[in-house]
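Undergrad: 3D, please:
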Amino acid sequence: MDRKGDVQDKTANDRHHAAWNNEVGVATECASAMAGPLGASGPILQVLALDGGGLRGIFTAATLAAWEEDFDTSVADHFDLIVGTSTGGIIALALGLRMSPADVLSIYVDHGELIFPWSGRSSPGLLRRLLRPRYDAAELRSVLQDRFEDRLLGDSRVRLAIPSYDLAADHVHLFRTPHHRDLRRDWRVPAVDVALATAAAPMFLPAHRMEAHRLIDGGVWANNPTLVGVAECFDRLEGERGRIRVLNVGTTSEIRKRRATLDNGGLFAWRSDGLDVMLRGQCLAATNHAQLILGRPNVVRVDVPTPEGLHKLDSVTAPDLIGRALAESRTRSPALASFFQHSPSPYIPFHGKDLTHVQ
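TA: Numbering: from 1, shown residues only. Predicted structure coming up:
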């Protein structure tokens, strides 16, 4: 064997993981370091931010389920706000509607192959993929309808913010529970519609039509919704800088080598890297800017690198994702204990069908 080559490979691999640890902000700080600056007097607000990523949401659901077992608690009971995009939006809705992460995990494992059938990825489906989305949303709608039934966004037990994008208005669209007096409309929207809107990934699923809206995946602008949560805390929850903490859970990230042909490449060279670079850049920017605003110890991202091509938005190896989730959640669990000791401020909706209080 080529010992020199082995050494070079190991050195490159070490550089990759060192860079990865720096990017995601590995949580080694003690809980006392996450208290914010002196002089801040408002309540601490905690945000759970869940990335998009299709079936790779298996990683997110398995990670949250493991923490529920570790701390013998319900994840949703410890956050003032949950924000989620695409698959993260579906998980956020499920948590708000009193489903457990283990329940969500079973949906992905049991129905993933039906939601994204092989026919949409096979060679005979190439012409369809050129002209139409790979999949229709019928199976996803059926699964969501079975779990969410006729419940509304306003039925959530926790504050939620779910990004989408409206092609009709050519503008971002953010679904929110009525956690502020100005948020009067979204509570009436069926949870199924919110889920279909945030998860309508271009080229994979059709836009979700709802009244005059043509809604697509919120990942086009907030695949990592950390900054959405931070902005919501400042704008609607009267949050104070240094009194906001974010736990952000990803859906794994490929470690790719960017080919030199990209430097002067056109459409053909960028066909497989363009979208990935944009999503990765958005994710890194969201984490880094949130850490600059709130302080690095107050923004913790949990994610793992994976080899290129191992997991895709519509095709994953579930046991591998679950195994990675169990390993990473075990490693990170001790440093995250303070997140699961937090008691959020009571959520009292300002609007809804069954209000028994006056705002």
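Undergrad: Which parts of the protein are strands?
TA: Under the criterion DSSP state E, strands of the chain are mapped to 45-50, 81-84, 160-166, 171-176, 208-210, 213-217, 244-249, 253-255, 299-302, 305-307.
Undergrad: What are the buried residues along the last one?
TA: For strand 305-307, the neighbour count (16 or more other C-beta atoms under 10 Å) marks 305-306 as buried. Just so you know, the C-beta spots here come from the backbone N, C-alpha and C atoms, and that holds for glycine as well.
Undergrad: so who does Phe71 touch?
TA: Residues in contact with Phe71, defined by C-beta atoms under 8 Å, 6 or more residues apart in numbering, are 337, 340.
Undergrad: ok, it to Glu238 distance?
TA: 28 Å (C-beta to C-beta, to the nearest Å).
Undergrad: about what we covered before: highest mean neighbour count across the strands of the chain, which stretch is it?
TA: strand 81-84 (a mean of 31; mean count of other C-beta atoms under 10 Å).
Undergrad: Can you spell out which helices and strands pack onto it?
TA: Here strand 81-84 touches strand 45-50, helix 87-96, strand 160-166, helix 226-236, going by 3 or more C-beta pairs under 8 Å, 6 or more residues apart in numbering; DSSP states H and E.
Undergrad: Give me the contacts around that strand.
TA: So strand 81-84 is contacted by 45-50, 76, 90-93, 95-96, 158-163, 179, 198, 225-226, 228-229, 232-233, 237 (C-beta under 8 Å, 6+ apart).
Undergrad: To what extent is Leu131 buried, counted in neighbours?
TA: For Leu131, the neighbour count with other C-beta atoms under 10 Å is 6.
Undergrad: Renumber starting at 30 from here on
TA: Renumbered: residue one is now 30, and that last one reads Leu160.
Undergrad: Stretch 195-203: how far from the chain's middle?
TA: 19 Å (C-alpha atoms, centre = their mean, to the nearest Å).
Undergrad: CA-only coordinates of that stretch in PDB, if you can.
TA: What follows is stretch 195-203, C-alpha atoms only, in PDB (Å, rounded to 0.1, in the frame of the first residue of the first chain):
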ATOM      1  CA  ASP A 195     -45.300  32.500  -2.800                       C
ATOM      2  CA  LEU A 196     -44.800  32.400  -6.500                       C
ATOM      3  CA  ALA A 197     -47.900  34.500  -7.100                       C
ATOM      4  CA  ALA A 198     -46.600  37.400  -5.000                       C
ATOM      5  CA  ASP A 199     -43.000  36.500  -5.800                       C
ATOM      6  CA  HIS A 200     -42.300  37.100  -2.100                       C
ATOM      7  CA  VAL A 201     -41.500  35.100   1.000                       C
ATOM      8  CA  HIS A 202     -44.400  33.700   2.900                       C
ATOM      9  CA  LEU A 203     -44.200  32.900   6.700                       C
END
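Undergrad: Enumerate every residue touching the residue nearest the centre of the chain.
TA: Geometric centre of the chain, nearest residue: Asp80, 1.8 Å, by C-alpha atoms, centre = their mean. Residues near Asp80 by C-beta under 8 Å, 6+ apart: 89, 114, 116-117, 252-254, 277-280, 312, 332.
Undergrad: For Phe88, see how far away the residue nearest to it when sequence neighbours are not counted is.
TA: Nearest residue to Asp80 in three dimensions, chain neighbours excluded: Gly279, at 4.7 Å (C-beta to C-beta, 6 or more residues apart in numbering). Distance of Gly279 to Phe88, computed by C-beta to C-beta: 7 Å.
Undergrad: related to what we said a few turns ago, pretty sure the residue nearest to Asp80 is in contact with Pro334, am I right?
TA: No. Using C-beta atoms under 8 Å, Gly279 is not in contact with Pro334; the gap is 10.1 Å.
Undergrad: Tell me which of the helices and strands packed on strand 110-113 lies nearest to Asn293.
TA: strand 189-195 (31.2 Å; C-beta to C-beta).
Undergrad: rewinding a little: count the neighbours of the residue nearest to Asp80 for me.
TA: Gly279, neighbours per other C-beta under 10 Å, totals 25.
Undergrad: try Leu291
TA: Leu291 has 13 nearby residues by other C-beta under 10 Å.
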